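sequence isn't available, so here's the structure alone:
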């Protein structure tokens, strides 16, 4: 038997992905059901309902709008396993990094020859 049914599908207006798995399309019985399910998963809907954003795109756009929420700079902990990092004194890793707590963008830079003076042993770079 063939039956015709109508349903609602959702895709991010920024990246085009659907909820859960981009290769799978979920079907909802109504727009309200779709919006309720998407809200539980962290999707954002504009006040007018004209724009739908997945959690990943929402965080990237928030960082573009509001700026990144970076961690403190930290000395790399590669233990000299990455040859390109062996730029510090005595072949010590000479790279520091930080990342955004919201969107996870990563930055690196040359580390100074000394750790900060906190004495916490974490290798944070001033």
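Nice, thanks for sending it over. All of these numbers come straight from a predicted model, not from anything done at the bench.

the nearest residue to residue 95 once chain neighbours are set aside: how many residues sit nearby?
In space, not counting the residues next to it along the chain, residue 95 is nearest to residue 76; the distance is 4.2 Å by C-beta to C-beta, 6 or more residues apart in numbering. Where C-beta positions appear, they are placed from N, C-alpha and C, glycine not excepted. Other residues near residue 76 number 20, with proximity taken as other C-beta atoms under 10 Å.

from residue 109, how far out is the spatially most central residue of the chain?
For the chain, the residue nearest the mean C-alpha position is residue 103 (3.0 Å; C-alpha atoms, centre = their mean). Using C-beta to C-beta, to the nearest Å, we find residue 103 at a distance of 19 Å from residue 109.

run a quick neighbour tally on residue 39.
11.

ok, now which ones touch it?
For residue 39, the contact set (C-beta atoms under 8 Å, 6 or more residues apart in numbering) comprises residue 45.

which stretches of the chain form helices?
Along the chain, counting by DSSP state H, helices occupy 31-40, 55-66.

out of these, which gets the lowest mean score?
Set side by side, the helices of the chain give their lowest mean pLDDT on helix 31-40, at a mean of 89.

that one: how far from the chain's middle?
Between the mean C-alpha point of helix 31-40 and the mean C-alpha point of its chain there is a distance of 23 Å (C-alpha atoms, centre = their mean, to the nearest Å).

any idea how far residue 27 is from the residue lying farthest from the centre of the chain?
Taking C-alpha atoms, centre = their mean, the residue of the chain most remote from its mean C-alpha position is residue 1, at 45.4 Å. If you measure residue 1 against residue 27 using C-beta to C-beta, the figure is 19 Å.

number of residues surrounding residue 38?
The criterion is other C-beta under 10 Å. On that basis, residue 38 has 22 neighbouring residues.

one more: the one 10 residues further on?
The local packing count at residue 48 equals 6, with neighbours defined by other C-beta under 10 Å.

now swap in residue 110 and tell me
11.

show me the contacts for it.
Under the criterion of C-beta under 8 Å, 6+ apart, the contact list for residue 110 reads 87, 94-96.

and the pLDDT for residue 124?
The predicted structure lists residue 124 with a pLDDT of 47.
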